[in-house]
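Trainee: I'll drop the sequence and a predicted model, then ask my questions.
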Amino acid sequence: MSGLVSAIRKRIDWDAEIIFADDPKCMGSFGLQPVKHNDPWALKLALVDLDKELARRGEMIGAVLIIGGPEVVPYHHLPNPVDDIDDDVPSDNPYSTRDENYFVPEWLIGRLPGGARKDVEPLIKLLNNITNRHTKIAESQPWYQRIWTRISTRINLRILQRSRHKRPSWGSTAAIWRRASISVFRPIGPPHAMHISPPAQGDVGYDHNEILPASRLGYFNLHGLSDASEWFGQRDPTEPSGGEDYPIALRPQDVVNSGRAPQIIFSEACYGAYVNNKDIEESIALKFLVSGSHVVVGSTSTSYGSISPPLIAADLLGHTFWKFLRDGLTTGESLKRAKIQMAREMLRRQGYLDSEDQKTLISFVHFGDPLAQLSDFYDKSKPIYRPLKRPGKIRTICDRSTGICQETFVTRELPTEVMAQVKHIVGQYLPGMQDADVSLSNEIGACSKRCSNCSLSQLGDRQKNLKISGRKVITLSKNIPSNSKGFDDQASGDIRIHRHYARVTLDKNGKLIKLAVSR
């Protein structure tokens, strides 16, 4: 860690400090008191106090890199805004803000997990890799060498685009939402650079032996489970090709340390970044990091997206992340701006952030150095944006059917014909959901502040009370058991329970205005 700080200090654009929040000597050097190492809110407030102290010196926090997984530095367990299986949402978002508005980050935040085992070697390896990259950036180059770097980078990029062994980008998506995935992937690659799982008959360029081709960028829109190490595809029921409903699309052992791990990865899989009590070989995200990936962005809990454009939730976040990264911003800045841009877009469309929006903003975390960049931009200085003032009141709603908020409203049962229409619409995309469990709730724009599992009460004065005109949310949920097969067409031997959620938002006239499905 000291070596990493020294490497960053050699750069002309950054300074760095090591902070041990529970160490009296370290905190005392900033005139601050130590805090408990296992209290996430105390750690957040310590960062806020540190930022105030730095301001007196003419500095501020620009980025935070948390060293260690949740067993070392705990996540914040935020209220889950969505009616699904998650008790709460593990999140690093509060570590990037000065107040209780944890939806909108202020500075870059990243985490470097090393696995649940008490083995320091993976973490040392990750730290050394980051140190080497910062050392490379810090090395001054004469003007003619910088010009040659830019020319050679463009030449190499064209070679990569034409090479079948090294691609600039690679994606893998469940067949059922391939249309949305192609839109997310478009900023970094063409549709044919994506693997569809399971592949339909006639798919061109699919090779069972090419599970994870070498590439610089990797995008994955697959199913994930909290109790499984694999990521799964899903068959598109509208396609004539028969096949496995939930084939295994990627396993930790498919990620090998031979230059094939993408530099930067964005995964929409449910629990794609869930690493609690997991070792390297039990988490694809951890395996990517120790195999050479610079950054992995993923969700710590159930994530949501669209079946097809327009993009929402995780799809919209991923698409925007890739656009900012392509423009040369660091990964941490790209994710921060993507969250801000996503919030602005959904406020423009809806007038507020609904439950899926809120959960997407808080559940997606950044593993790896938030100052990481594509190597093409190492010689270019890109701005890091941090506003001096916090944003004003934020507009959010609550639609949890179990919340105290809902008890103050009389919810009528939907007419039979409306429920039939909803199941028909969902059945076009998810045929197995016709007999799913159904819950109904109102969209509530104000809270009495008694509700512990509601984001409205958590925001306090930052929340702007809304008057919602009769909008309702219908949640369909179903557990589907599957003994998924791998690439060798052999069943895994374990029965996996795939939990599906489809959330339908209706306006006061019963018209569908939004459909979100779980990943």
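Mentor: Now that the structure is in, tell me what you want to look at.
Trainee: how's this protein carved up into domains?
Mentor: The chain breaks down into these domains under automatic domain parsing: 151-377, 404-518.
Trainee: mind giving me JSON lines with those domains and columns for mean neighbour count?
Mentor: Glycine gets a C-beta too; all of them are placed from N, C-alpha and C. As requested, the domains of the chain are arranged in JSON lines below (neighbours: other C-beta atoms under 10 Å):
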{"stretch": "domain 151-377", "mean neighbour count": "21"}
{"stretch": "domain 404-518", "mean neighbour count": "16"}
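Trainee: hey, least reliable of those by pLDDT?
Mentor: Lowest mean pLDDT within the domains of the chain: domain 404-518, a mean of 73.
Trainee: Helix or strand for G298, just tell me which one.
Mentor: strand 295-299 (DSSP states H and E).
Trainee: Now do that strand: which elements does it pack against?
Mentor: strand 264-267, helix 284-290, helix 331-350, strand 364-368 (3 or more C-beta pairs under 8 Å, 6 or more residues apart in numbering; DSSP states H and E).
Trainee: Past that strand, which element shows up next along the chain?
Mentor: Going down the chain from strand 295-299, the next helix or strand is strand 304-305, by DSSP H and E.
Trainee: pull the CA atoms of the helix or strand that that following strand is followed by into PDB?
Mentor: Tracing the chain past strand 304-305, the next element assigned as helix or strand by DSSP H and E is helix 313-326. Extracted C-alpha coordinates of helix 313-326, given in PDB (Å, rounded to 0.1, in the frame of the first residue of the first chain):
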ATOM      1  CA  ALA A 313     -31.900   0.300 -14.900                       C
ATOM      2  CA  ALA A 314     -28.700  -1.800 -15.300                       C
ATOM      3  CA  ASP A 315     -28.900  -1.600 -19.100                       C
ATOM      4  CA  LEU A 316     -29.000   2.200 -19.100                       C
ATOM      5  CA  LEU A 317     -26.100   2.300 -16.500                       C
ATOM      6  CA  GLY A 318     -23.900   0.000 -18.600                       C
ATOM      7  CA  HIS A 319     -24.500   1.800 -21.900                       C
ATOM      8  CA  THR A 320     -23.700   5.100 -20.300                       C
ATOM      9  CA  PHE A 321     -20.600   3.700 -18.500                       C
ATOM     10  CA  TRP A 322     -19.200   2.400 -21.800                       C
ATOM     11  CA  LYS A 323     -19.800   5.800 -23.500                       C
ATOM     12  CA  PHE A 324     -17.900   7.700 -20.800                       C
ATOM     13  CA  LEU A 325     -15.000   5.100 -20.800                       C
ATOM     14  CA  ARG A 326     -14.700   5.300 -24.600                       C
END
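Trainee: how far does helix 313-326 sit from the chain's center?
Mentor: Here the centre of helix 313-326 is set off from its chain's centre by 10 Å, with C-alpha atoms, centre = their mean, to the nearest Å.
Trainee: That helix vs strand 364-368, what angle?
Mentor: Helix 313-326 runs at 40 degrees relative to strand 364-368, counting by axes from the mean of the first three to the mean of the last three C-alpha atoms, to 10 degrees.
Trainee: which secondary structure elements does helix 313-326 contact?
Mentor: helix 178-185, strand 214-221, strand 264-267, strand 304-305, helix 331-350, helix 355-363.
Trainee: got the domains of the chain as CSV, with distance to E71 columns?
Mentor: Compiled in CSV, those are given as follows (distance: least, C-beta to C-beta, whole Å):
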stretch, distance to E71
domain 151-377, 7
domain 404-518, 25
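Trainee: returning to that earlier point: to R133, which of the helices and strands packed on strand 295-299 lies closest?
Mentor: strand 364-368 (10.4 Å; C-beta to C-beta).
Trainee: ok and the closest one relative to strand 295-299, angle-wise?
Mentor: 160 degrees.
Trainee: which stretch of helix or strand covers the closest residue to M27 other than its chain neighbours?
Mentor: Setting aside the residues directly before and after it, M27 is nearest to P34 in space (C-beta to C-beta, 6 or more residues apart in numbering), at 4.7 Å. Assigned by DSSP H and E, P34 falls within no helix or strand.
Trainee: Check whether N509 sits in a helix, strand or coil.
Mentor: coil (DSSP: H, G, I helix; E, B strand; the rest coil).
Trainee: So what does it have for phi and psi?
Mentor: phi -90, psi 10 (degrees, to the nearest 10).
Trainee: of the domains of the chain, which approaches L43 most closely?
Mentor: Of the domains of the chain, nearest to L43 by C-beta to C-beta is domain 151-377, at 15.4 Å.
Trainee: Might one say that H294 is in contact with D369?
Mentor: Yes: counting by C-beta atoms under 8 Å, H294 sits close enough to D369 to count as a contact (6.7 Å).
Trainee: Spit out the residues that contact those two alike.
Mentor: I130, R133, T331 (C-beta atoms under 8 Å, 6 or more residues apart in numbering).
Trainee: quick one: which of the residues you listed is nearest to L506?
Mentor: Distances from L506 to the shared contacts of H294 and D369, taken by C-beta to C-beta, are shortest for T331, at 37.6 Å.
Trainee: is it true that that closest one touches L325?
Mentor: Yes: using C-beta under 8 Å, T331 makes contact with L325 at a distance of 6.5 Å.
Trainee: if I look at these two, which residues touch both of them?
Mentor: I264.
Trainee: now the strand holding G298, how far from the chain's geometric center?
Mentor: On C-alpha atoms, centre = their mean, the centre of strand 295-299 falls 5 Å from that of its chain.
Trainee: partners of it, with directions?
Mentor: strand 264-267 (parallel), strand 364-368 (antiparallel) (DSSP bridges).
Trainee: Same list (these) but as TSV, adding distance to A16.
Mentor: Compiled in TSV, those are given as follows (distance: least, C-beta to C-beta, whole Å):
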stretch	distance to A16
strand 264-267	22
strand 364-368	16
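Trainee: who wins for proximity to Y95 among those strands?
Mentor: Comparing the strands paired with strand 295-299 by C-beta to C-beta, strand 364-368 comes nearest, at 10.1 Å.
Trainee: closest one to T302 among the helices and strands packed on strand 295-299?
Mentor: With C-beta to C-beta as the yardstick, what comes closest out of the helices and strands packed on strand 295-299 is strand 364-368 (11.9 Å).
Trainee: I would like the residues contacting the closest one, please.
Mentor: Contacts of strand 364-368 (C-beta under 8 Å, 6+ apart): 90-92, 108-113, 126, 130, 273, 285, 289, 293-300, 303, 314, 317, 331-332, 335, 339.
Trainee: for A193, what are its contacts?
Mentor: Neighbour list for A193: R167, S169, W170, G171, F185 [criterion: C-beta under 8 Å, 6+ apart].
Trainee: can you check V473 too?
Mentor: V473 touches D354, S355, D399, L440, S441, N442, E443, R503, V504, T505, L506, counting by C-beta under 8 Å, 6+ apart.
Trainee: how about those, which pair is most distant?
Mentor: D354 and L440 (15.3 Å).
Trainee: Could I get the pLDDT score of D99?
Mentor: pLDDT at D99 comes out at 87.
Trainee: How about I397?
Mentor: 87.
Trainee: what's the answer for the one 5 residues further on, then?
Mentor: Listed pLDDT for T402 reads 64.
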